[in-house]
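Peer 1: below is the sequence, then the predicted model.
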Amino acid sequence: AARTASAVARCALGNKTRYASANSQQTKNPDQTRLTVVTDDGEFLTVTKGKDCSLQVVADQRQARWERYALKSVVNRLLPTSRTSKCMRYRVPNRDTVDVMRGKANGKAYYQGLRVCGSVWACPVCAAKITERRRIELQGAMEEAKRQDLQPYLLTLTVPHGIADPLEETLTKLRKAWRYMQSDRAGKAFWRRAGVEGHIRALEVTDGENGWHPHLHILLFVGTPEPMFKAQQEASALWQHCATKAGLPTPHPDYGCRLDDGAKAANYVSKWGLESELTKGHVKKSSKGNSIWDLLRGIREGHADKKRYAARFIEFAEAFKGQRQLVWSKGLKARLLVTEMEDEELANAPEDLASLCLAELSDDQWDRVRFAKMESALLDLAETAAEAIPAFLAALPPPRTESRPPWNTADTDSPCRGYAAKGS
């Protein structure tokens, strides 16, 4: 419990908590007070304190941000020469400070003046920004499609897989099978009969006991919905033909191809929403096997299979390097009034156009934050008790070694650059 009237006070949560905001809030329960505490690991937690000084953690979005930074530190070790390892760690060359900003409208804190990698695949921090903004982009597209009387359908395509299948080779064949499904004479005839006027393709991969499990999610925009609703069997036969032609094992006739109405999708889809199903497949926790972020969680938590998890994540990062998250059919973005933006642009975009600058950090101050792994904690403090930032920075120990690179070293000098999307 907090013991001082200052903005930052010592607190106890087990033996791991270091600080708590003195700006406590009374909850609906008169016997409880809500506090914000930060652990030795740099995690800010919202807790309730009872009259007996017992503390109970209250889940909130700041804990998710703390996890993203924690997983990012795992990536830094796995991909030490990549742009991702430098992302959100080093100041951009043309600035003198790293700024702590807070949006006026949404109250979210963020950093300005740091390098970003723009990798939606390998960077947990950038992926959170990009996938959320892609989700909003896609949601707007669906609303515009509705205004144009286009009906959405979700087509999910899978193939049999084995534990020894190399991911990059499987992805190459999977994309080839999808191209066949669009360009073959039978494929063109099928889409024409089904009334499909455009599509958006996303690729999701999980890792399980039987190896990599890649599958395609394709959002179809249909002008004549009745024929498409009856197309499941024909689509399945077409997918079997195209997958086999591309060198993949023949998909199961019932499970290899699934067609769902956009308004009546399966529980797996409706849980996340149709837009999130396309944009957040590799970010979310998987109920079947491990999502890519699950692999990082296992490494961070010391899972018995952490060496295998590390090798799998590296294989994934290499296989997806330079790939786009969403691939739109020609002309669909313009038709649905979607502005073209690259992943790195989305990662660099401010959280709020109208923002306050709460602190300008010198190189020494930022090194202290980074060395103490307090990047997320400082943002949490900016949102909950900004007046405590000076005391928070003063309490951080200096780094043991000099870790800043020359500021005139461009990202393009990285020997393993290119995790941001370059093409489809």
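Peer 2: Cool, got the structure. Residues are numbered from 1 along each chain as shown.

Peer 1: switch to C-alpha atoms for all contacts and neighbour counts from now on
Peer 2: Noted.

Peer 1: all strands for this protein, in order.
Peer 2: With DSSP state E as the criterion, the chain has strands at 8-10, 17-21, 25-26, 32-39, 44-50, 55-58, 98-103, 109-112, 151-158, 196-208, 211-222, 257-261, 326-328, 355-361.

Peer 1: per-stretch mean pLDDT over those strands, give me the minimum one.
Peer 2: Per-stretch mean pLDDT for these is lowest at strand 8-10 (a mean of 33).

Peer 1: where in the stretch 51-200 of the chain is pLDDT low?
Peer 2: Low-confidence segments of the stretch 51-200 of the chain (pLDDT under 70): 51-52, 54-60.

Peer 1: can you give me the helices for it?
Peer 2: Assigned by DSSP state H, counting those that start in this stretch, the stretch 51-200 of the chain shows helices spanning 61-78, 83-86, 124-147, 167-183, 185-194.

Peer 1: please report how far the residue lying closest to Gln151 once chain neighbours are set aside lies from Arg192.
Peer 2: Computed as Cα to Cα, 6 or more residues apart in numbering, the closest residue to Gln151 that is not its neighbour in sequence is Val222, at 5.0 Å. As judged by Cα to Cα, to the nearest Å, Val222 and Arg192 stand 10 Å apart.

Peer 1: looking at those two, which one has more neighbours?
Peer 2: Val222 (23 against 11; other Cα atoms under 10 Å).

Peer 1: how about Leu171, what does it touch?
Peer 2: Pro214 (Cα atoms under 8 Å, 6 or more residues apart in numbering).

Peer 1: going forward, count from 57.
Peer 2: Done: numbering now begins at 57, and the last item shifts to Leu227.

Peer 1: and the gap between it and Arg248?
Peer 2: 27 Å.

Peer 1: again, but for Trp384
Peer 2: Applying Cα to Cα, the value for Trp384 to Arg248 is 18 Å.

Peer 1: buried residues in stretch 138-156?
Peer 2: The neighbour-count check on stretch 138-156 (16 or more other Cα atoms under 10 Å) flags 138-148, 153-156 as buried.

Peer 1: same thing with stretch 294-303?
Peer 2: For stretch 294-303, burial by neighbour count (16+ other Cα under 10 Å) applies to Leu294, Trp295, Gln296, His297, Cys298, Ala299, Ala302.

Peer 1: C-alpha coordinates for that stretch, PDB please?
Peer 2: What follows is stretch 294-303 as a C-alpha-only set of coordinates in PDB (Å, rounded to 0.1, in the frame of the first residue of the first chain):
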ATOM      1  CA  LEU A 294     -11.900 -26.200 -57.100                       C
ATOM      2  CA  TRP A 295      -9.600 -25.800 -54.100                       C
ATOM      3  CA  GLN A 296      -8.700 -29.500 -54.200                       C
ATOM      4  CA  HIS A 297      -7.800 -29.200 -57.900                       C
ATOM      5  CA  CYS A 298      -5.700 -26.000 -57.400                       C
ATOM      6  CA  ALA A 299      -3.900 -27.200 -54.300                       C
ATOM      7  CA  THR A 300      -2.900 -30.500 -55.900                       C
ATOM      8  CA  LYS A 301      -1.700 -28.700 -59.100                       C
ATOM      9  CA  ALA A 302       0.500 -26.400 -56.900                       C
ATOM     10  CA  GLY A 303       2.200 -29.500 -55.300                       C
END
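
Peer 1: now it: average pLDDT?
Peer 2: Mean pLDDT, stretch 294-303: 96.

Peer 1: what does that stretch rub up against?
Peer 2: Taking Cα under 8 Å, 6+ apart as the rule, stretch 294-303 contacts 213, 215, 229-230, 232-234, 236-237, 242-243, 305-309, 312-313.

Peer 1: could you dump the helices of the stretch 107-256 of the chain into CSV and include distance to Ala367?
Peer 2: As requested, the helices of the stretch 107-256 of the chain are exported to CSV (distance: least, Cα to Cα, whole Å):
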stretch, distance to Ala367
helix 117-134, 9
helix 139-142, 17
helix 180-203, 17
helix 223-239, 12
helix 241-250, 37
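
Peer 1: for Leu276, which non-adjacent residue is closest in space?
Peer 2: For Leu276, ignoring the flanking residues on the chain, the nearest one in space by Cα to Cα, 6+ apart is His255 at 4.5 Å.

Peer 1: coming back round to it: quick one: closest of the helices of the stretch 107-256 of the chain to Met430.
Peer 2: Met430 lies closest to helix 117-134 among the helices of the stretch 107-256 of the chain, at 9.1 Å (Cα to Cα).

Peer 1: elements contacting the closest one?
Peer 2: Where contact means 3 or more Cα pairs under 8 Å, 6 or more residues apart in numbering; DSSP states H and E, helix 117-134 is packed against strand 100-106, helix 139-142, helix 180-203, helix 348-356, helix 431-440.

Peer 1: comparing those, which comes out most buried?
Peer 2: Stretch with highest mean neighbour count among the helices and strands packed on helix 117-134: helix 139-142 (a mean of 25; mean count of other Cα atoms under 10 Å).

Peer 1: show the average pLDDT along stretch 451-466.
Peer 2: 64.

Peer 1: same check on stretch 394-401?
Peer 2: The average of the pLDDT scores along stretch 394-401 is 87.

Peer 1: what's it in contact with?
Peer 2: Against stretch 394-401 from outside (Cα under 8 Å, 6+ apart): Val172, Cys173, Gly174, Ser175, Val176, Ile186, Glu193, Gly196, Ala197, Lys389, Ala476, Ala477.

Peer 1: dump the residues you listed into a markdown table; add distance to Tyr166 as well.
Peer 2: Output for the contacts of stretch 394-401, formatted as a markdown table (distance: Cα to Cα, whole Å):
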| residue | distance to Tyr166 |
| --- | --- |
| Val172 | 13 |
| Cys173 | 16 |
| Gly174 | 16 |
| Ser175 | 18 |
| Val176 | 18 |
| Ile186 | 14 |
| Glu193 | 21 |
| Gly196 | 25 |
| Ala197 | 27 |
| Lys389 | 29 |
| Ala476 | 21 |
| Ala477 | 23 |
